[in-house]
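**Student:** 3D model of this:
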Amino acid sequence: MSADVIAPPPPENPTEDWLREERIPHIWCPGCGIGTSVNCFTQALEESKLDRDNVVIVSGIGCTGRVAGYLKLDSFHTTHGRPIPFATGLKLANPKLKVIVYSGDGDLFAIGGNHFFHAARRNVDMTVICVNNMTYGMTGGQVTPTTPIGAKATTSPFGNIEEPFNLPFIAHSCGAVYVARWTSFHVRQLTKAIRDAIAKPGFTFVEVISPCPTLFSRRNRLGDGLDAMKFYKAHSEIRNGADTREVAISHQSKIICGKFVDITRTTWHDAQAAHLHRVMGNRFVPPRNWEHLIKSDPMEDLVAETIRDSSGDGS
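**Tutor:** Here you go, the predicted model:
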């Protein structure tokens, strides 16, 4: 008599513990890169060993905006274009939180562009992950600030004529301390970039180039999601440390990927703590982990850097 055959247990999903399974299935189309980016994000969180009670994810409106609702984290699904000011408020109210903004190119750089510029300028301690699919996927495939010249959309049926934003250059020039770009094909590099961005104090930015097979790829005859992966593999170039002015995306050149910026700059919270201590003295009750600022005043360092840069002295 033969023994009963016991079927092996199904393989464990490494992201399962981070997902609100009652919200599954998700809304994303087959071949969409947002789900791939979420997998990389959850892997990065797992490797970071963060206390999930201190992690908050904030999203805006659009396909990528749904990420916040699918993750088993404290989350905020905000109004269109406003995830960064909501995230700033969270960080100001509770500095111990690890605040992560997760949204799309239209939400972050069209109606939300002004907020991005000033959060980076202030160096608010948060990580911004932008899934750039170069279209408004939820509302019909219109032109966004990142749509390449010549690309077809519902609002540019004969090809886009507007110069797109170079997102790494914007982030760098506005003051981000960490800037990286990867495609949804580069899952290992993207996972590491997200992990490094989350670990670094200050305003950090990761761009994820992602396909939208339904509304962008189909209209521009780029094939399905698998075709997009083949395209990213063949038409991307890893160039760590590249000048962000030279990484703009166009149909005529390769997609430049890599870590472009990794610098140290005083965060808004640290600068504010040092300033209040200097002005108020012993009357100021500081937040946690501020004591190091007394030994080295970041505002004095900032003034010295400004004077040195304006004088042209690079020594």
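**Student:** how about the helices in the stretch 51-200 of the chain?
**Tutor:** Using DSSP state H, counting those that start in this stretch, the helices found in the stretch 51-200 of the chain span residues 67-70, 83-93, 105-106, 113-122, 167-174, 187-199.
**Student:** quick one: the fifth one to helix 113-122, angle?
**Tutor:** Right, helix 167-174. 50 degrees (axes from the mean of the first three to the mean of the last three CA atoms, to 10 degrees).
**Student:** what residues does helix 167-174 touch?
**Tutor:** Contacts with helix 167-174, where a contact means CB atoms under 8 Å, 6 or more residues apart in numbering, come from 105, 109, 116-118, 120-121, 128, 130, 132, 146, 179-181, 205, 207, 244-245, 247-248, 260-261. Yep, even glycine has a C-beta here, placed from its N, CA and C like the rest.
**Student:** thinking again about what came up before, from the helices of the stretch 51-200 of the chain, which stretch is densest packed?
**Tutor:** Across those, averaging neighbours per residue (mean count of other CB atoms under 10 Å) puts helix 105-106 on top, at a mean of 30.
**Student:** what is that one packed up against?
**Tutor:** strand 126-132 (3 or more CB pairs under 8 Å, 6 or more residues apart in numbering; DSSP states H and E).
**Student:** distance of the residue nearest to the spatial centre of the chain relative to residue 270?
**Tutor:** Centroid check for the chain by CA atoms, centre = their mean gives residue 129 as the closest residue, at 1.2 Å. Here residue 129 is placed at a distance of 23 Å from residue 270 (CB to CB, to the nearest Å).
**Student:** equivalent analysis for residue 168, please.
**Tutor:** In this structure, residue 168 and residue 270 are 25 Å apart, going by CB to CB.
**Student:** got it, and residue 71?
**Tutor:** 29 Å.
**Student:** equivalent analysis for residue 104, please.
**Tutor:** In this view, residue 104 and residue 270 are 30 Å apart by CB to CB.
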